[in-house]
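Undergrad: kindly generate the corresponding structure for this input.
(one chain, ligands or ions: 1)
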Amino acid sequence: MVENLLKVHGSGNTFYLYETADETAMDWFKFGEWLCRKSNDGGADGLLLVAPSNVATAKMRVINADGSEASMCGNGLRCVARYVLERENKTSCIIETMKANLLVTEEPSLMNEIPTYAVQIAPVSFELATLPMNYNAQHTLIDECIPPFSMDIRFTAVSVPNPHLIGLVSKEEILSAAHQQQLASMLNGENDYTPDGVNVSYMYPIGQQEIYVRTFERGVGFTNACGTAMTASALVATLLHLVEEGTITVFNPGGFVKCEVKNNNGEYHLRLIGNATFIAHYSFEHVNDKWTLNKDRETNEQHAYQALIDFTASKLSALA
Ligand SMILES: N[C@H](CCC[C@H](N)C(=O)O)C(=O)O
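TA: As a prediction, the model looks like this:
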């Protein structure tokens, strides 16, 4: 049977998006890993599954490119939000995710008529046990130097609810990815600190209420952007007084998003606002446990998104 799916992206973080009526229909981990292979039309960073929910309008599951499942995906949830809101002809709804039912809303375009959506990012915790992460039997790790990782980068660990380690780095470290690659590879292999791996982001303040974030994603590697990482970085930037609470623009290799941070005495309210671009329509067949993928037709949306890429490039040229 031929089935339809979409290729989508949020801030250049690309996914296949597939809606199923039956969560038991396939081995999503194997399907996700196969779909994301570069040999499949360039692959993708993950698979977004849209399924029925008993507690919300729909349910989202996130499979990384290596076939592992994550509890949350900020860029992906914006794409799922658009897909479900268009299906329901609504402007807001609740989407069930692994650890929270989250409000998603259609928003005014960021620029150039680009489809724009906002997603709630929750729950948030600085407790190392929620990542999980082990370090000196500490409960939290906020703005600290970790000698085994680096003698000069200060790190913060937070779950939103997937795990993030965020380093505040110098211009040199943001211009070269070598150290980040080496640290993230160690923390996503056999190691004493992060048994389930961790998304590793390097953050660099670039202006008034503006930061730049580059992320090595657990289960994927370097991506153009990681929505939960950008939102977590915006939160950390407020805690370190690099920016004010409110709306922070987060630039990344794939474009930019807006992150809203509100801190009510340690109760954090986070919202991620950004594009939800549908790139192309695909179809696949699943016969004798083998899949075949066919690209049916492109949308014309990537052309509009190019304006946001060009704006970002002009902004980041000052970084070099
Ligand atoms: N690699 C992440 C899941 C995808 C998150 C990212 N794509 C986002 O937009 O938040 C993890 O294993 O926690």
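
Undergrad: stretch 48-64 near the ligand at all?
TA: Yes. Contact of stretch 48-64 with the ligand (CB under 6 Å from any ligand atom) involves Val62, Asn64. Every C-beta, even on glycine, is put in place using the N, C-alpha and C of the backbone.

Undergrad: tell me the gap between that stretch and the middle of its chain.
TA: Centroid separation between stretch 48-64 and its chain, computed with CA atoms, centre = their mean, to the nearest Å, is 16 Å.

Undergrad: now do the same end-to-end measure for that stretch.
TA: The straight-line separation of the ends of stretch 48-64 (CA to CA, to the nearest Å) is 9 Å.

Undergrad: same thing with stretch 131-147?
TA: Start-to-end, stretch 131-147 (CA to CA) is 20 Å.

Undergrad: what's in contact with it?
TA: Stretch 131-147 has contacts (CB atoms under 8 Å, 6 or more residues apart in numbering) with 126-129, 151-157, 159, 163-165, 168, 192-196, 198, 236, 239-240.

Undergrad: for that stretch, the averaged confidence score.
TA: Average pLDDT, stretch 131-147: 97.

Undergrad: that older thread, which of the contacts of stretch 131-147 count as buried?
TA: 126, 128, 153-157, 159, 163-165, 168, 193-194, 198, 236, 239-240 (16 or more other CB atoms under 10 Å).

Undergrad: which ones are touching Val84?
TA: Val50, Thr57, Ala58, Cys93, Ile95, Val104.

Undergrad: isn't the third one right next to Asn101, touching?
TA: No. The pair Ala58 and Asn101 fails to qualify as a contact (CB atoms under 8 Å) at a distance of 10.6 Å.

Undergrad: could you name every residue contacting both of those two?
TA: Ile95.

Undergrad: and the residue of the chain most remote from its centre, how close does it get to Gly42?
TA: In the chain, Asn288 marks the outermost C-alpha relative to the chain mean, sitting 33.1 Å out by CA atoms, centre = their mean. Asn288 sits 26 Å away from Gly42, going by CB to CB, to the nearest Å.

Undergrad: which bits of the stretch 51-200 of the chain sit near the ligand?
TA: Near the ligand, when you scan the stretch 51-200 of the chain using CB under 6 Å from any ligand atom, you find Val62, Asn64, Ala70, Cys73, Gly74, Asn75, Gly76, Asn162, Asn199.

Undergrad: what count of nearby residues applies to Thr91?
TA: By other CB atoms under 10 Å, 11 other residues sit near Thr91.

Undergrad: what pLDDT does it get?
TA: Thr91 is given a pLDDT of 98.

Undergrad: mind listing the helices for this protein?
TA: 28-35, 74-88, 171-175, 178-187, 227-239, 301-316 (DSSP state H).

Undergrad: go ahead and confirm Val213 touches Gly254.
TA: No. In this structure, Val213 is not within contact of Gly254 by CB under 8 Å, at 10.8 Å.

Undergrad: more crowded one of the two?
TA: Val213 (26 against 23).

Undergrad: apart from its chain neighbours, what residue comes closest to Thr228?
TA: Gly74 (4.4 Å; CB to CB, 6 or more residues apart in numbering).

Undergrad: picking that back up, so which of the buried ones among the contacts of stretch 131-147 sit within strands?
TA: Within the buried ones among the contacts of stretch 131-147, residues falling in strands by DSSP state E are Arg154, Phe155, Thr156, Ala157, Ser159, Pro163, His164, Leu165, Leu168.

Undergrad: CSV for the residues of the stretch 51-200 of the chain next to the ligand, including neighbour count and pLDDT?
TA: Formatted as CSV, these follow (neighbours: other CB atoms under 10 Å; pLDDT from 0 to 100):
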residue, neighbour count, pLDDT
Val62, 25, 98
Asn64, 22, 98
Ala70, 24, 98
Cys73, 28, 98
Gly74, 29, 98
Asn75, 33, 98
Gly76, 31, 98
Asn162, 29, 98
Asn199, 27, 98
